[in-house]
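>>> sequence isn't available, so here's the structure alone:
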C-alpha cells in the first residue's frame, strides 16, 4: 500500500527530504520505522520518538491503511 | 515640640487634611496617635496601623524628637 | 530605579526594554487591571494614592530581595497613582531570567510583596454611589462606605 | 484559535487585546527569548520548525486544559517559526483572570506543557560553527553536532 510520510527536524535532515509517498508492506508504524531506519540510517531509536497518523498521536501498533499520513516525532523543544 | 504629620487615604478623609504641623507633648508615635484619635475620631485602631517616622517604618515606642515627620499607615491595598 | 510611580498610563513597551538581556531566555510580566467588581460590589472607577517617599524605598527593597532570592537577570515594578477607570492598568511587574521558572517565581514574589508591604491605597467607587477604601472594611468600627447620597 | 503560529514577529499588543475582560483583575504573560548561550555553547541564531497541523491541535488542547483546571478568563499562546536571531521572541503566552494567582498558574502550565508536548523543534547555530537540534543530543547514538566545516 501507499503511505505518505513527512519528516521534521533531525529526521528531515537525515532522510534528505521533508516528505515522500512510499509503497510499503509495513503493517504498523513500528514496522514502518524499522524499514525507514534501514533506508536512512536514522540515529533516533523508536523509544525516543512519538508517532502521528493522520495528524493525531498514535500507537506504534496501530494498523496502517492505504493513504495514511505518518509522521515520526523527535523529542520536542518548543519555546 | 513641633512635629509634621501626613495623612493618607481613609485617615486623610477623616482628618480633613493631608498634612499639618502640630505642637505636641507626645513622646512616642503611640502617644501621638492617642492624641490624634481624640481630635479626629479616627476609626482605625492602632493595631491596624503601621507608623513611619522620617519616611522609614518605625516602632510605636520610638522616642520622637522635634521636627520628626510622622505618617500613620492604614492597611495597604496596592495593585 | 527598579520601583517607581507614574501619574499616567504605564508604558510597558519602554519598561520591558529595560529588562532585555542577551542571556535571558524567559520574561514574565504581570499587569494588575481595574476590575468591574470587588467583593460583590460593582466598581465604576478607582483612585490610588501612595506615600511615595516610603513606597519607593519599600518597593526598591522588594525588587532587591527578589533579585537576591531568585537567579534572575532584571526586575522592575511600576505603579500608577491617581484616578483610574475600568480596565486601566494599575501596576506592572516584569522579570527577565535565563530560565523561566525563576522569572515566574520572582514576578509573583514581587507583586505579592508589593500588595502587602508598599504604602499604596485604593478607593473604590461603586455603581450604588458608595465608595470605600479597600482593606479598611474590616478595620473600621463603623461601616466603611461613605454614602455619597447620605 | 487559542494557539497559533506566526512566521513573523509576534504582535503582543494585539494578542494582549484578545485577553481584555472587564472582570479580569490580573494578567500574566510569558515570553521566550532567544538566549546567547545554551548548555555551554554560544548561540548565534536559531531555526524553529513545527508539525503545524498536529501542533495547533495539541496547543489548543493545552490551552483548553488550562481553562478547565484554573478559573481564568482567557488564555492564548502564539509560537513563532522560521529563522530567529538573538533576543527575538520565540513564544508568547498570555492569561487574564479575576485573581492573579490563577493567571500565574495557568500561564506557567501552558508554557510547560507546550515545551513538552507540542511538536516544535529548534536547531541552534553556535559561534563554533556547529549546530544541533535541541533535546536530540541525548537521543543520538552518534554525536549530534553537524560539523559545518567537516
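All right, it came through fine. These numbers come from a predicted model, not from an experiment.
>>> now residue C:124, what's its secondary structure?
Secondary structure for residue C:124, judged by DSSP: H, G, I helix; E, B strand; the rest coil, is strand.
>>> so it bridges to which residues?
Beta-bridge partners recorded for residue C:124 (DSSP bridges): residue C:46, residue C:132.
>>> center of chain A, which residue is that?
residue A:72 (3.8 Å; C-alpha atoms, centre = their mean).
>>> quick check: that residue vs chain D, distance?
10 Å (C-beta to the nearest C-beta, to the nearest Å). Just so you know, the C-beta spots here come from the backbone N, C-alpha and C atoms, and that holds for glycine as well.
>>> can you confirm that residue is in a strand?
Yes: Residue A:72 sits within a strand when classified using three-state DSSP.
>>> could you pull out the helices for chain C?
C:12-17, C:52-69, C:100-117 (DSSP state H).
>>> hey, what's the residue nearest to the centre of chain A bridged with?
Bridge pairing for residue A:72 (DSSP bridges) gives the partners residue A:51.
>>> so it touches residue A:45, yeah?
No: counting by C-beta atoms under 8 Å, residue A:45 is not a contact partner of residue A:72; they are 11.2 Å apart.
>>> hey, what's in contact with both of these two?
Counting by C-beta atoms under 8 Å, 6 or more residues apart in numbering or on different chains, no residue touches both residue A:72 and residue A:45.
>>> now for residue C:90: which residues touch it?
Taking C-beta under 8 Å, 6+ apart, we find residue C:90 in contact with B:78, B:79, C:32, C:33, C:34, C:46, C:48, C:79, C:80, C:84, C:122.
>>> what's the closest non-adjacent residue to it?
Spatially, and ignoring its direct neighbours in sequence, residue C:90 is nearest to residue C:32 (4.6 Å; C-beta to C-beta, 6 or more residues apart in numbering or on different chains).
>>> ok, now which ones touch that neighbour?
Counting by C-beta under 8 Å, 6+ apart, residue C:32 has contacts B:79, C:89, C:90, C:91, C:92, C:111, D:25, D:26, D:27, D:100.
>>> make it 10 Å
B:78-79, C:10, C:79-80, C:88-93, C:111, C:114-115, D:24-27, D:100 (C-beta atoms under 10 Å, 6 or more residues apart in numbering or on different chains).
>>> picking that back up, point out the most buried one among the helices of chain C.
Per residue and on average, the most neighbours among these fall to helix C:100-117, with a mean of 22 (mean count of other C-beta atoms under 10 Å in any protein chain shown).
>>> excluding sequence neighbours, find me the nearest residue to residue C:16.
residue C:94 (5.8 Å).
>>> hang on, isn't that neighbour packed against residue C:18?
Yes: under the contact definition of C-beta atoms under 10 Å, residue C:94 touches residue C:18, with a separation of 8.0 Å.
>>> between those two, what contacts are shared?
C:74, C:75, C:76.
>>> can you pull the contacts of the second one?
Neighbour list for residue C:75: C:2-3, C:18-19, C:28, C:62-67, C:93-97, C:103, C:106-107, C:109-110 [criterion: C-beta under 10 Å, 6+ apart].
>>> buried set for stretch C:85-93?
C:88, C:89, C:90, C:91, C:92, C:93 (16 or more other C-beta atoms under 10 Å in any protein chain shown).
>>> now the terminal residues of that stretch, how far apart.
This stretch, stretch C:85-93, spans 20 Å end to end (C-alpha to C-alpha, to the nearest Å).
>>> and for stretch C:127-136?
First-to-last residue span, stretch C:127-136, C-alpha to C-alpha: 19 Å.
>>> cool, and stretch C:74-92?
Terminal-residue distance, stretch C:74-92 (C-alpha to C-alpha): 14 Å.
>>> remind me which residues of chain C are low pLDDT?
Within chain C, the stretches with pLDDT under 70 are C:137-150.
>>> ok, now which ones touch the closest residue to chain B within chain A?
Closest contact between chain A and chain B, by C-beta to the nearest C-beta, is at residue A:79 (28.0 Å). Contacts for residue A:79 (C-beta under 10 Å, 6+ apart) come out as C:25-26, C:100, D:30-33, D:48, D:77, D:79, D:90-93, D:111-112, D:114-116, D:118, D:120, D:122.
>>> if I read this right, residue C:24 contacts residue C:71, doesn't it?
No: applying C-beta under 10 Å, one finds residue C:24 not in contact with residue C:71, separated by 11.4 Å.
>>> more crowded one of the two?
residue C:24 (25 against 14; other C-beta atoms under 10 Å in any protein chain shown).
>>> who does the spatially closest residue to the more buried one that is not a sequence neighbour bridge with?
Leaving aside its chain neighbours, residue C:24 sits nearest to residue C:96 (3.9 Å; criterion: C-beta to C-beta, 6+ apart). Counting by DSSP bridges, residue C:96 forms beta bridges with residue C:27, residue C:74.
>>> my guess is residue A:45 contacts residue A:75, does it?
No: here residue A:45 does not reach residue A:75: they are 11.3 Å apart, not a contact under C-beta under 10 Å.
>>> and those two? Which one has more around it.
residue A:75 (20 against 12).
>>> list the residues that contact that one.
Contacts of residue A:75 (C-beta under 10 Å, 6+ apart): A:9-10, A:44, A:48-50, D:116, D:119, D:121, D:133-139.
>>> quick check: it vs residue C:24, distance?
24 Å (C-beta to C-beta, to the nearest Å).
>>> same check, this time on residue A:18
For residue A:18, the distance to residue C:24 - C-beta to C-beta - is 33 Å.
>>> and the residue of chain C closest to chain A?
For chain C, C-beta to the nearest C-beta, closest residue to chain A: residue C:100, 8.0 Å.
>>> just the mean pLDDT for the lengthiest helix in chain A, thanks.
Looking across chain A with DSSP H, the single longest helix is helix A:29-40. What helix A:29-40 shows for mean pLDDT is 98.
>>> can stretch C:105-123 be found next to chain B?
Yes: shown here: stretch C:105-123 in contact with chain B (C-beta under 10 Å from any C-beta of the partner chain) through C:111-123.
>>> so which of these are also by chain D?
C:111, C:112, C:115.
>>> just put the residues you listed in JSON lines and tack on distance to residue D:57.
Shown next, in JSON lines, are these (distance: C-beta to C-beta, whole Å):
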{"residue": "C:111", "distance to residue D:57": "34"}
{"residue": "C:112", "distance to residue D:57": "36"}
{"residue": "C:115", "distance to residue D:57": "38"}
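>>> of residue C:94 and residue C:18, which one has the most company?
residue C:94 (25 against 14).
>>> and that one, what does it touch?
C:12, C:15-19, C:27-31, C:74-78, C:103, C:107, C:110, D:29, D:31.
>>> again, only using 6 Å
Contacts here follow C-beta atoms under 6 Å, 6 or more residues apart in numbering or on different chains; on that basis residue C:94 touches C:15, C:16, C:19, C:29, C:76.
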